[in-house]
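Asks: 3D model of this:
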Amino acid sequence: MDLRSLVGLPGVLLLFGLVAVFAQTAAPRIVCETKNGTSCAECLTIVTCLWCQKTKMCITYPVNTILPPHTLCPLKDARWGRCWVNFQSLIIAMAVVGGVIIIAFLVCLFCCCKCEHIGSTRFDAKMERRTNKMKGKQEERKAEMKMRHEEIRTKYGLSGSNPYSKFS
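Replies: Numbering: from 1, shown residues only. Next comes the predicted model:
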(Lines give C-alpha, C1' and ligand atoms only; values in the text may rest on other atoms or scores of the structure.)
Protein backbone atom coordinates (compact mmCIF):
# COMPACT_ATOMS: atom_id res chain seq x y z
CA MET A 1 0.00 0.00 0.00
CA ASP A 2 1.29 3.43 -0.84
CA LEU A 3 0.75 6.68 1.05
CA ARG A 4 -2.13 7.87 -1.15
CA SER A 5 -4.20 4.76 -0.46
CA LEU A 6 -3.61 5.10 3.31
CA VAL A 7 -4.66 8.76 3.27
CA GLY A 8 -7.50 8.07 0.84
CA LEU A 9 -9.28 5.41 2.89
CA PRO A 10 -9.65 7.50 6.09
CA GLY A 11 -10.61 10.49 3.96
CA VAL A 12 -13.38 8.52 2.24
CA LEU A 13 -14.63 7.19 5.60
CA LEU A 14 -14.61 10.72 7.05
CA LEU A 15 -16.51 12.01 4.03
CA PHE A 16 -19.18 9.28 4.35
CA GLY A 17 -19.50 10.01 8.08
CA LEU A 18 -20.00 13.73 7.47
CA VAL A 19 -22.56 13.06 4.74
CA ALA A 20 -24.49 10.77 7.11
CA VAL A 21 -24.43 13.36 9.90
CA PHE A 22 -25.58 16.18 7.64
CA ALA A 23 -28.29 13.97 6.13
CA GLN A 24 -29.66 13.24 9.60
CA THR A 25 -29.62 16.86 10.73
CA ALA A 26 -31.03 18.16 7.44
CA ALA A 27 -33.86 15.62 7.37
CA PRO A 28 -37.14 16.94 8.75
CA ARG A 29 -37.59 15.71 12.31
CA ILE A 30 -40.81 13.93 13.12
CA VAL A 31 -42.15 15.59 16.21
CA CYS A 32 -43.52 13.19 18.81
CA GLU A 33 -46.44 15.44 19.60
CA THR A 34 -47.89 14.76 16.13
CA LYS A 35 -48.45 11.15 17.33
CA ASN A 36 -50.88 12.25 20.08
CA GLY A 37 -54.19 10.43 19.86
CA THR A 38 -52.56 7.33 18.39
CA SER A 39 -51.53 4.12 20.14
CA CYS A 40 -48.48 3.39 22.25
CA ALA A 41 -46.96 1.21 19.53
CA GLU A 42 -47.39 3.97 16.95
CA CYS A 43 -45.79 6.55 19.27
CA LEU A 44 -42.81 4.36 20.15
CA THR A 45 -41.87 3.77 16.52
CA ILE A 46 -39.85 6.97 16.95
CA VAL A 47 -36.96 6.38 19.33
CA THR A 48 -37.02 9.86 20.84
CA CYS A 49 -40.65 9.56 21.93
CA LEU A 50 -42.11 8.72 25.32
CA TRP A 51 -45.67 7.43 25.73
CA CYS A 52 -47.60 8.44 28.82
CA GLN A 53 -50.22 5.78 29.55
CA LYS A 54 -52.18 7.98 31.96
CA THR A 55 -52.71 10.91 29.59
CA LYS A 56 -52.46 8.87 26.34
CA MET A 57 -49.99 11.42 25.00
CA CYS A 58 -46.84 11.01 22.94
CA ILE A 59 -44.11 13.27 24.33
CA THR A 60 -40.56 14.01 23.19
CA TYR A 61 -38.26 12.34 25.70
CA PRO A 62 -36.57 14.95 27.94
CA VAL A 63 -32.93 14.10 27.23
CA ASN A 64 -31.52 16.71 29.61
CA THR A 65 -32.86 14.69 32.58
CA ILE A 66 -32.15 11.00 33.03
CA LEU A 67 -35.70 10.16 34.06
CA PRO A 68 -38.80 11.99 32.89
CA PRO A 69 -40.06 14.38 35.58
CA HIS A 70 -43.18 13.37 37.51
CA THR A 71 -45.01 16.47 36.25
CA LEU A 72 -44.50 15.31 32.67
CA CYS A 73 -45.55 11.70 33.30
CA PRO A 74 -45.41 9.48 36.41
CA LEU A 75 -42.82 6.69 36.19
CA LYS A 76 -45.41 3.94 36.51
CA ASP A 77 -47.24 5.31 33.44
CA ALA A 78 -44.21 6.21 31.29
CA ARG A 79 -43.36 3.86 28.42
CA TRP A 80 -40.23 4.06 26.30
CA GLY A 81 -38.93 1.51 23.82
CA ARG A 82 -41.61 -1.10 24.56
CA CYS A 83 -45.25 -0.55 25.50
CA TRP A 84 -45.29 -3.34 28.10
CA VAL A 85 -42.37 -1.97 30.18
CA ASN A 86 -42.90 1.04 32.42
CA PHE A 87 -40.03 3.07 33.84
CA GLN A 88 -40.70 2.05 37.41
CA SER A 89 -40.34 -1.69 36.74
CA LEU A 90 -37.43 -0.99 34.39
CA ILE A 91 -35.56 0.85 37.16
CA ILE A 92 -36.29 -1.91 39.67
CA ALA A 93 -35.22 -4.63 37.22
CA MET A 94 -32.01 -2.79 36.34
CA ALA A 95 -31.22 -2.26 40.04
CA VAL A 96 -31.76 -5.96 40.78
CA VAL A 97 -29.67 -7.08 37.81
CA GLY A 98 -26.93 -4.60 38.72
CA GLY A 99 -26.96 -5.78 42.34
CA VAL A 100 -26.75 -9.42 41.28
CA ILE A 101 -23.84 -8.65 38.97
CA ILE A 102 -21.98 -6.76 41.71
CA ILE A 103 -22.60 -9.54 44.27
CA ALA A 104 -21.51 -12.21 41.76
CA PHE A 105 -18.35 -10.24 41.03
CA LEU A 106 -17.56 -9.88 44.73
CA VAL A 107 -18.21 -13.60 45.35
CA CYS A 108 -15.94 -14.54 42.45
CA LEU A 109 -13.28 -12.16 43.70
CA PHE A 110 -13.51 -13.59 47.22
CA CYS A 111 -13.42 -17.18 45.95
CA CYS A 112 -10.44 -16.52 43.72
CA CYS A 113 -8.48 -14.89 46.54
CA LYS A 114 -9.48 -17.58 49.04
CA CYS A 115 -8.77 -20.46 46.65
CA GLU A 116 -5.44 -18.94 45.69
CA HIS A 117 -4.51 -18.73 49.36
CA ILE A 118 -5.61 -22.33 49.97
CA GLY A 119 -3.69 -23.46 46.90
CA SER A 120 -0.52 -21.74 48.05
CA THR A 121 -0.90 -23.27 51.53
CA ARG A 122 -1.23 -26.72 49.97
CA PHE A 123 1.74 -26.04 47.75
CA ASP A 124 3.82 -24.83 50.71
CA ALA A 125 2.90 -27.94 52.72
CA LYS A 126 3.81 -30.17 49.77
CA MET A 127 7.16 -28.43 49.33
CA GLU A 128 7.88 -28.73 53.07
CA ARG A 129 7.11 -32.47 52.99
CA ARG A 130 9.35 -32.88 49.97
CA THR A 131 12.15 -30.92 51.69
CA ASN A 132 11.83 -32.98 54.87
CA LYS A 133 11.89 -36.18 52.82
CA MET A 134 15.02 -35.05 50.98
CA LYS A 135 16.70 -34.07 54.28
CA GLY A 136 15.87 -37.49 55.72
CA LYS A 137 17.38 -39.24 52.69
CA GLN A 138 20.46 -37.02 52.92
CA GLU A 139 20.89 -37.89 56.61
CA GLU A 140 20.57 -41.60 55.76
CA ARG A 141 23.20 -41.32 53.01
CA LYS A 142 25.47 -39.41 55.39
CA ALA A 143 25.09 -42.12 58.06
CA GLU A 144 25.73 -44.88 55.49
CA MET A 145 28.82 -43.06 54.27
CA LYS A 146 30.16 -42.75 57.83
CA MET A 147 29.56 -46.47 58.44
CA ARG A 148 31.33 -47.34 55.18
CA HIS A 149 34.27 -45.16 56.14
CA GLU A 150 34.40 -46.80 59.59
CA GLU A 151 34.33 -50.24 57.98
CA ILE A 152 37.19 -49.29 55.68
CA ARG A 153 39.18 -47.86 58.61
CA THR A 154 38.70 -50.98 60.69
CA LYS A 155 39.50 -53.20 57.70
CA TYR A 156 42.86 -51.50 57.14
CA GLY A 157 43.57 -50.89 60.82
CA LEU A 158 43.17 -47.16 60.76
CA SER A 159 40.54 -46.98 63.46
CA GLY A 160 43.02 -46.23 66.22
CA SER A 161 44.43 -42.86 67.07
CA ASN A 162 45.23 -41.10 63.87
CA PRO A 163 47.42 -38.00 63.81
CA TYR A 164 45.19 -36.52 61.13
CA SER A 165 41.91 -37.24 62.98
CA LYS A 166 41.86 -33.82 64.53
CA PHE A 167 41.42 -32.30 61.05
CA SER A 168 38.27 -34.24 60.26
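Asks: going forward, measure contacts between C-alpha atoms and count neighbours the same way
Replies: OK.
Asks: so where do the helices sit in this structure?
Replies: 3-26, 40-43, 87-155 (DSSP state H).
Asks: could you identify which of the ones you listed is most buried?
Replies: helix 40-43 (a mean of 20; mean count of other CA atoms under 10 Å).
Asks: give me the contact list for that one.
Replies: Counting by CA atoms under 8 Å, 6 or more residues apart in numbering, helix 40-43 makes contact with 32, 35, 36, 49, 50, 51, 53, 56, 58, 82, 83, all of which sit outside it.
Asks: pLDDT (mean, whole number) over that helix?
Replies: The average of the pLDDT scores along helix 40-43 is 91.
Asks: centre of the chain to it, how far?
Replies: 38 Å (CA atoms, centre = their mean, to the nearest Å).
Asks: related to what we said a few turns ago, any chance of the helices of the chain in CSV, with distance to residue 69 too?
Replies: Output for the helices of the chain, formatted as CSV (distance: least, CA to CA, whole Å):
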stretch, distance to residue 69
helix 3-26, 27
helix 40-43, 19
helix 87-155, 11
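Asks: tell me which of those sits nearest to residue 76.
Replies: Closest of these to residue 76 is helix 87-155, at 5.2 Å (criterion: CA to CA).
Asks: the helices of the chain: which one's closest to residue 64?
Replies: Per CA to CA, nearest to residue 64 of those: helix 87-155, 16.6 Å.
Asks: other SSEs contacting that closest one?
Replies: Judged by 3 or more CA pairs under 8 Å, 6 or more residues apart in numbering; DSSP states H and E, the packing partners of helix 87-155 are strand 78-80.
Asks: tell me what the strand it packs on is packed against?
Replies: Looks like strand 78-80 contacts strand 49-52, strand 82-86, helix 87-155 (3+ CA pairs under 8 Å, 6+ apart).
Asks: how far out from the middle of the chain is it?
Replies: For strand 78-80, the distance to the chain centre is 31 Å (CA atoms, centre = their mean).
Asks: list the contacts of the residue nearest to residue 89 when sequence neighbours are not counted.
Replies: Leaving aside its chain neighbours, residue 89 sits nearest to residue 76 (7.6 Å; criterion: CA to CA, 6 or more residues apart in numbering). Going by CA under 8 Å, 6+ apart, residue 76 touches 86, 87, 88, 89.
Asks: ok, the nearest residue to the second one once chain neighbours are set aside - contacts?
Replies: In space, and not counting its chain neighbours, residue 87 is closest to residue 75: 5.1 Å by CA to CA, 6+ apart. Residues in contact with residue 75 (CA under 8 Å, 6+ apart) are 68, 86, 87, 88.
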